[in-house]
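*Asks:* generate a structure from the sequence data that follows.
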Amino acid sequence: MLDQYGRTIDYMRISITDRCNLRCRYCMPEAVESVSHCDVLRYEEILRICRAAARLGISKFKITGGEPLVREGCTEFIEHLKNTEGVDQVTLTTNGLLLADKLPALYDAGIDGINISADTLDSARYGEITGYKGNGTQKLLEVLEKCSAMGIKTKVNAVLLEQTENDAPELAGIAERLSVDVRFIELMPIGFGTTMKRVSPDDILAVLRESWPDLAETDEKRGNGPAHYYKSSGLKGRIGFIDAVSHKFCSECNRVRLTSTGMLKPCLCYSDTTDLRALIRSGCKDEELKSALERAVYQKPRAHCFDDGAQITEHHIMSQIGG
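*Replies:* Just a heads-up that it's a prediction; the model follows:
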């Protein structure tokens, strides 16, 4: 469907949990409390929302968290969503640590793509950032190999952080060994990200060109989101950037977000939401749910205001909103 500015909105990001097995500094450090289980949407409630969204033309869904794989029944839910009329694509964003055992079931469910979060391949720094005890980077590299071998469309997501700035070439090197896209994400001024220094994507691109001098922007469509990609003769995959703050892409935005508590967010930086959980649990009819979705999508703001912190009204942390 179209919003009030004529943009086609066909993509919904769905957080199925705010819980996670990591404690990344920019997302949800140790002190963060989890939402009560009774406040989290049940799978059947999420599927009902997805059916209504599909009737409006939203056909692509990204499952996020928190860490979605910590929620029991995640793979079965994905299978049900894939089999929902009007759903063309279901993808998953995960930190990858629980992924290896889930891959066969996800493959059988028809998963269309998996994004794995990894901000560094330095094991010690990975532990400092995430709180993970053990060699997390080795686990991630192993599961990336498995995804690639199974032919699953796979991307690595790396948030650009001051302490990992020098690790970018090693991360990008994954795209040299495997048919995997590596994407660098500009730190969002949301939650704990407001207290941290942002790294310039342009500076990282310049550094990467020292390793791959022929890096050239490509207009290939590599996913549903706003990333722009670069190719090189020395890469099997692509290198991408998601730089929402420094390179605004609001005129092409095609997404809305559903939080684990059932709040539909048309734009990440504003607190405006539609409470679909309350609507469903009050006994609404399917047509009422569809109309509420339609109104929320239509009223999506023209643009975010990340370049002016005083106008940002969203004060939840990213794990509560959905990655």
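*Asks:* what are the boundaries of the helices in the chain?
*Replies:* Under the criterion DSSP state H, the chain contains helices at 43-55, 74-82, 103-109, 123-130, 136-150, 168-172, 174-177, 201-211, 276-281, 286-298, 318-321.
*Asks:* what's the weakest-modelled helix or strand in this structure?
*Replies:* helix 318-321 (a mean of 60; mean pLDDT, DSSP states H and E).
*Asks:* quick one: contacts for the residue nearest to Arg177 when sequence neighbours are not counted?
*Replies:* Nearest residue to Arg177 in three dimensions, chain neighbours excluded: Lys236, at 7.1 Å (CB to CB, 6 or more residues apart in numbering). C-beta coordinates here come from the backbone N, C-alpha and C atoms, glycine included. Residues in contact with Lys236 (CB atoms under 8 Å, 6 or more residues apart in numbering) are Ala175, Glu176, Arg177, Leu178, Ser179, Val180.
*Asks:* what is the neighbour count of the fourth one?
*Replies:* To tie it back to what came earlier, the one meant is Leu178. Burial measure for Leu178: 20 neighbouring residues, criterion other CB atoms under 10 Å.
*Asks:* again, but for the last one
*Replies:* Here the count is done by other CB under 10 Å, and Val180 has 22 residues near it.
*Asks:* right, and it touches Ser148 too?
*Replies:* Yes: with contact defined as CB atoms under 8 Å, Val180 and Ser148 form a contacting pair (6.1 Å).
*Asks:* quick check: neighbours shared by the two?
*Replies:* Shared contacts of Val180 and Ser148, counting by CB under 8 Å, 6+ apart, come down to Thr154.
*Asks:* that older thread, mind putting the helices of the chain into JSON lines with mean neighbour count?
*Replies:* Converted to JSON lines, the helices of the chain look like this (neighbours: other CB atoms under 10 Å):
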{"stretch": "helix 43-55", "mean neighbour count": "19"}
{"stretch": "helix 74-82", "mean neighbour count": "19"}
{"stretch": "helix 103-109", "mean neighbour count": "16"}
{"stretch": "helix 123-130", "mean neighbour count": "18"}
{"stretch": "helix 136-150", "mean neighbour count": "17"}
{"stretch": "helix 168-172", "mean neighbour count": "20"}
{"stretch": "helix 174-177", "mean neighbour count": "20"}
{"stretch": "helix 201-211", "mean neighbour count": "15"}
{"stretch": "helix 276-281", "mean neighbour count": "18"}
{"stretch": "helix 286-298", "mean neighbour count": "17"}
{"stretch": "helix 318-321", "mean neighbour count": "24"}
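*Asks:* what's the neighbour count on the nearest residue to Ala54 once chain neighbours are set aside?
*Replies:* For Ala54, ignoring the flanking residues on the chain, the nearest one in space by CB to CB, 6+ apart is Gly86 at 3.1 Å. Neighbour count of Gly86, defined by other CB under 10 Å: 14.
*Asks:* what's the end-to-end length of stretch 165-181?
*Replies:* 18 Å (CA to CA, to the nearest Å).
*Asks:* stretch 278-288 now?
*Replies:* Chord length of stretch 278-288, first to last residue, is 12 Å (CA to CA).
*Asks:* related to what we said a few turns ago, so which of the helices of the chain gets nearest Ser15?
*Replies:* With CB to CB as the measure, helix 318-321 is the member of these nearest Ser15 (7.1 Å).
*Asks:* and for Ala227, the neighbour number?
*Replies:* 20.
*Asks:* ah, wrong one, I meant Thr273
*Replies:* Neighbours of Thr273 using other CB under 10 Å come to 19.
*Asks:* low-confidence ranges in the stretch 101-250 of the chain?
*Replies:* Across the stretch 101-250 of the chain, residues meeting the criterion (pLDDT under 70) sit at 189-195.
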